[in-house]
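*Asks:* Could you work out the structure for the sequence below:
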Amino acid sequence: MKTIKYAIIGLGNRGKQLRNTLMTIKDIECVAVCDKRLDFAEDSANVYVEKGYKKPAIYTDYKKCIDESGAQAIVVATAWEAHSKVTLYAIEKKIPVACEVGGAYSLNQLWELVNAYEKYETPVMLLENCCYGRLELMALNMKRLGVFGEIVQCEGAYCHDLRYEIAIHGTVPGLTHYRLEEYKHRNTENYPTHEIGPIAKLLDINCGNKFTYLHSFSTKSVGMQSYIKEKGYKELTSKYYTTEERDSGAQSLEGVKFLQGDIVTTVIGCQNGENVVIHLDTCLPRNYSRRFAVHGTKAFLNEENNSLFLDNTYTPVEEVQWYKNFGNVEKYQKEYDHRIWADYNPDANDGHGGMDYLVVNAFFDALKENKPMPIDIYDMVTWMAIAPLAEESIATNNTVYFPDFTNGKWMRRKNEFEL
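*Replies:* A predicted model of the protein is given here:
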């Protein structure tokens, strides 16, 4: 393909971010925009015109968009609950899919995707942008160079104070946010792929290694309720409405019960003996962090203090006073930086520090060159499966076992993450 015609389905906050990033990629053309809210779709269509592009067709029905638009690829950026059904429909229509991230709701939902993919062989890629983070790719390169020795344990997290974001979208009419209902009705590791994606690539999951079991632990749920009670709906809505408008239309979330635990910790065991520990922490005051860490027999990489500890390099005194070496990763970048980041200087439209551009561009490059997807259907369903598995584990306080979505192919598959 010389120029790939694509459609975006889902144009809320994330869809708009991806739209802006897609405009920076060469040899692709937006032929359709789709959202169940017509105003969202129309606004994005007009943005393309304002930027000098041909106006894309506008849809509110994703099936019609896929069937009628002439798109040769679909970018799915809907709310979490719609990811799988839109992706499944596109697979069955043999239209390649780039799907945004989130957790699944059931294992059956994921098996449907796998079975459809194996029947129709439609390319599918999960747009897990954190796999393209500079530190994460540096770690992948270091692993391939043998710097870590043998990796024993990896850690990751999604630590992001989302209290205001969740509360305001449940209070102001016309603002919608899928996380509100998720947090009211589910208690699980609901957003696992940012944490697990880079780790799974490091550990060759589904390519000579696999996840075998999982146990999740949840704290009590008090953060959201405390925040809403303290702020009150008037303060939460003041940025969006006048006093008159707010008092006539805003809703109070005071008294609403949230099921989602404030912090969820999940331990995952691997076939080759490694442990993985991930955390979800979004309902308490804190800084943003993914707490990415790699423990090996020869080195330790820690995102939290941005440091790399190499064995046999530091004196016992320096080891004890390691805080003096916080932030030393930069001095190793020239030696260990991944080739993708060596000459890459992202701009504001590249999204999330450049990760958005890299992951979306990788999808279209794979299509253009007829190569395997770097983050394929088996990666997608394995990472998304953590949500329903963690939900079961928390509810029953039991260890649960990972299904093998590859049906044994993990023993022979090669890691196609060509980076």
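*Asks:* distance of the nearest residue to T78 once chain neighbours are set aside from K368?
*Replies:* Leaving aside its sequence neighbours, T78 sits nearest to G10 (Cβ to Cβ, 6 or more residues apart in numbering; 3.4 Å). The C-beta positions use only the backbone N, C-alpha and C, and glycine is treated the same way. Distance of G10 to K368, given as Cβ to Cβ, to the nearest Å: 24 Å.
*Asks:* now do Q225
*Replies:* 50 Å.
*Asks:* re earlier: which one of G10 and K368 has more residues nearby?
*Replies:* The residue with more neighbours, out of G10 and K368, is G10; 26 against 14, by other Cβ atoms under 10 Å.
*Asks:* quick one: the strands in the stretch 1-150 of the chain?
*Replies:* Ranges of strands in the stretch 1-150 of the chain, per DSSP state E, counting those that start in this stretch, are 4-9, 28-34, 57-59, 73-76, 97-99, 124-126.
*Asks:* For E318, which of those strands is the nearest?
*Replies:* Set against E318 and scored by Cβ to Cβ, the strands of the stretch 1-150 of the chain come closest in strand 124-126, at 40.5 Å.
*Asks:* circling back: does the residue nearest to T78 really touch V33, like I thought?
*Replies:* No - using Cβ atoms under 8 Å, G10 makes no contact with V33, being 9.5 Å away.
*Asks:* OK, contacts around G351?
*Replies:* By Cβ atoms under 8 Å, 6 or more residues apart in numbering, the contact set of G351 is Q17, L18, N20, T21, N129, Y357.
*Asks:* How much space separates it from N20?
*Replies:* Distance of G351 to N20, computed by Cβ to Cβ: 7 Å.
*Asks:* what do you get for M411?
*Replies:* Distance from M411 to N20, counting by Cβ to Cβ: 41 Å.
*Asks:* who has more neighbours, these two?
*Replies:* Neighbours were counted for M411 and for N20 using other Cβ under 10 Å; N20 has more, 17 against 13.
*Asks:* returning to what we had before: ok, of the contacts of G351, which one's closest to V49?
*Replies:* Checking the contacts of G351 against V49 with Cβ to Cβ, the nearest one is N20 at 14.4 Å.
*Asks:* What average pLDDT does stretch 9-23 get?
*Replies:* In this model, stretch 9-23 has a mean pLDDT of 94.
*Asks:* Name the residues of that stretch that are buried.
*Replies:* Of all the residues in stretch 9-23, those buried under the rule 16 or more other Cβ atoms under 10 Å are 9-12, 14-22.
*Asks:* can you map out the strands along the stretch 251-400 of the chain?
*Replies:* With strands called from DSSP E, counting those that start in this stretch, the stretch 251-400 of the chain shows them at 263-270, 275-281, 293-296, 299-302, 307-310, 400-401.
*Asks:* Please dump those into TSV; it should also carry mean neighbour count for every row.
*Replies:* Output for these, formatted as TSV (neighbours: other Cβ atoms under 10 Å):
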stretch	mean neighbour count
strand 263-270	21
strand 275-281	21
strand 293-296	21
strand 299-302	20
strand 307-310	18
strand 400-401	15
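*Asks:* which ones are touching W80?
*Replies:* By Cβ under 8 Å, 6+ apart, W80 lies in contact with G102, G103, Y178, E182, N190.
*Asks:* before we move on, the earlier item: now for G351 and N20: what residues contact both?
*Replies:* Residues touching both G351 and N20 (Cβ under 8 Å, 6+ apart): there are none.
*Asks:* So which of the contacts of G351 is the closest to A395?
*Replies:* Once Cβ to Cβ is applied, the member of the contacts of G351 that ends up nearest A395 is N129, at 30.4 Å.
*Asks:* show me the contacts for the closest residue to that closest one other than its chain neighbours.
*Replies:* With sequence-adjacent residues excluded and distances taken as Cβ to Cβ, 6+ apart, N129 is closest to M355, at 3.8 Å. Applying Cβ under 8 Å, 6+ apart to M355 gives the contacts N129, C130, Y132, G133.
*Asks:* do E274 as well
*Replies:* With contact taken as Cβ under 8 Å, 6+ apart, E274 is in contact with I151, V152, Q153, C154, L203, N209.
*Asks:* can you rerun that using 10 Å?
*Replies:* Residues near E274 by Cβ atoms under 10 Å, 6 or more residues apart in numbering: 150-154, 199, 202-203, 205, 209, 211, 268, 295.
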